[in-house]
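>>> generate coordinates for the sequence data below:
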Amino acid sequence: MKKLIVLVAAGALLTGCGEKLQEAKEAANAMQQLAEAGEKMAETQGEAEEFLKERRAKGDTVAMPADQLKTFLPTAIDGYKPKEEPSIQQTAFGEYTFSVAEQEWVSTSSADTNNPATIKVSLTDWGGSEGAWAMQSLAFAFNVKTENAQERSGTIDMGLPHTSGMEKFEKESKNSSLMAVTRYRYLINLEAHNQTDDQSPLLKSIAVATAEKFSDK
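Next comes the predicted model:
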């Protein structure tokens, strides 16, 4: 009986030590990831400041006209057609300026013609306010991944320099969205609704193709 008690106690002690060891490993991993994210954020901030400095030197300190920004919208999306002409908006408040161009696309093969699948594309040029946006975009430096029964979300590798993204997929509704920022100034926002499956790969391909158009801006 005494031997049994000793064995149980030893087992509990080993289990407790194992749990503590696992907790220590997880804490160490978390600290390492945090340190790496901090280094990435510092690198990103420095790069953003260089972009801003170069643009100021060239006198490029305001958002491009919305009429010009709309030319960067997709000209074609496989399986979709434009629902309407692009809408544009220009805002200026002192030195704070930004322009927006967006367009909605409708599936050409949706079974439900009254409520067809759609993809909305929105572009924003933060222009003179890009310094503020560059600070906000630092959040993209974190490698964040989350998935549960309801959704999948997190940062993604866009495969382009000076470009980062974050996506979200709602498993029940099949709605998906993607937000990408490129060259610390241009925001690309995509939303897919009324879908029958996950359109995240399509949204990413659209975002990458769009971001490439800003490669010399």
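
>>> when you work out contacts or count neighbours from here on, use the C-alpha atoms and nothing else.
Will do.

>>> how about the residue nearest the centre of the chain: what's its closest non-neighbour residue?
By Cα atoms, centre = their mean, the chain has its centre lying nearest to residue 166, at 2.2 Å. Closest residue to residue 166 apart from its sequence neighbours, by Cα to Cα, 6 or more residues apart in numbering: residue 155 at 4.1 Å.

>>> for that neighbour, list the residues it contacts.
140, 142, 143, 144, 145, 164, 165, 166, 167 (Cα atoms under 8 Å, 6 or more residues apart in numbering).

>>> returning to what we had before: is the residue nearest to the centre of the chain within a helix or a strand, and which one?
Element membership of residue 166, judged by DSSP states H and E, is strand 163-170.

>>> show me what that strand is packed against.
strand 151-156, strand 176-182, helix 200-212 (3 or more Cα pairs under 8 Å, 6 or more residues apart in numbering; DSSP states H and E).

>>> so which residues of the chain form helices?
2-57, 66-69, 130-136, 200-212 (DSSP state H).

>>> pLDDT of the shortest one, averaged?
For helix 66-69, the per-residue pLDDT values average out at 96.

>>> pull the CA atoms of it into CSV?
C-alpha atoms of helix 66-69 as CSV (Å, rounded to 0.1, in the frame of the first residue of the first chain):
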residue,chain,number,x,y,z
ALA,A,66,-9.4,59.7,-57.2
ASP,A,67,-9.9,59.7,-61.0
GLN,A,68,-6.3,58.5,-61.3
LEU,A,69,-6.6,56.0,-58.4
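
>>> still on that earlier bit, could I get the average pLDDT for the strand holding residue 166?
Mean pLDDT, computed over strand 163-170, is 95.

>>> got the angle for that strand vs strand 176-182?
Between strand 163-170 and strand 176-182, the angle comes out at 170 degrees (axes from the mean of the first three to the mean of the last three Cα atoms, to 10 degrees).
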